[in-house]
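Student: the following block contains a protein sequence and its predicted model.
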Amino acid sequence: MNSNTPARMVVVKKEEKELKLRALIAHAIANAPTTGLEMRVLAVSLTSPVAVAVCALRAELAAAGVAARIMLVKNLTGPEASSLVDSSVRHLADSRCHDAHELLVLGNETAWIGDSLRREPASRDSFELHAFHDRKTAHFVAQSFERIWQLALPLRPREDLPALGLAASLSALTAPADTAQAMTRH
């Protein structure tokens, strides 16, 4: 991966999405500071290529001390949901946000923007933006994530759900410090 390449939109074939995301994440981890790295992910579901790539690299993320916050659009039911009941995982139920795009922000210089949340990411080729060593793009993507995070709902444990799956996969990752912000209405 060329670190001097500016952020750019590229067409990514559906078969290559997860591999490209893994490469971006792995490269960011290898070139990251040794502490305080945070990852933010907005995905359609646990089967989305970005979520699959994150899960595939969970050992590397944990070894690098990466804190993670994740938002999922599709409501989780069944065995994959019970391990996610955590303050760092939220459900984006607000349909006003479903025209947004899948997002990944890793630290202050790495970002990825995927397809719309209304489209199934694994079913088609799409345009994606990959940004590495690009503070400006990462900042804008992080701002978008934070605004949407405020609208997402924390997952709540339910009696009918077994312990969720992704949280178990990501249990080695630490949750970042509380980022709640006071909101005022004018």
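Tutor: Looks like it came in fine. Residues are numbered from 1 along each chain as shown.
Student: helices along this protein, start to end?
Tutor: 17-30, 49-56, 58-63, 135-149, 165-169 (DSSP state H).
Student: to Lys74, which of those lies closest?
Tutor: helix 49-56 (10.5 Å; CB to CB). Where C-beta positions appear, they are placed from N, C-alpha and C, glycine not excepted.
Student: could you give the average pLDDT over stretch 109-122?
Tutor: Over the span of stretch 109-122, the pLDDT mean works out to 79.
Student: list the buried ones in that stretch?
Tutor: Neighbour-count burial for stretch 109-122 flags Glu109, Thr110, Ala111, Trp112, Ile113, Gly114, Asp115, Leu117, Pro121, Ala122 (criterion: 16 or more other CB atoms under 10 Å).
Student: so the fifth one bridges to which residues?
Tutor: What it means is Ile113. For Ile113, the beta-bridge partners are Leu103, Leu129 (DSSP bridges).
Student: mind showing which ranges of this protein have poor pLDDT?
Tutor: Across the chain, the ranges flagged by pLDDT under 70 are 1-11, 34-35, 75-87, 120-126, 156-186.
Student: returning to what we had before: tell me which of the helices of the chain sits most buried.
Tutor: helix 49-56 (a mean of 22; mean count of other CB atoms under 10 Å).
Student: filter the buried residues of stretch 109-122 down to the ones in strands?
Tutor: Of these, the ones assigned to strands by DSSP state E are Thr110, Ala111, Trp112, Ile113, Gly114, Asp115.
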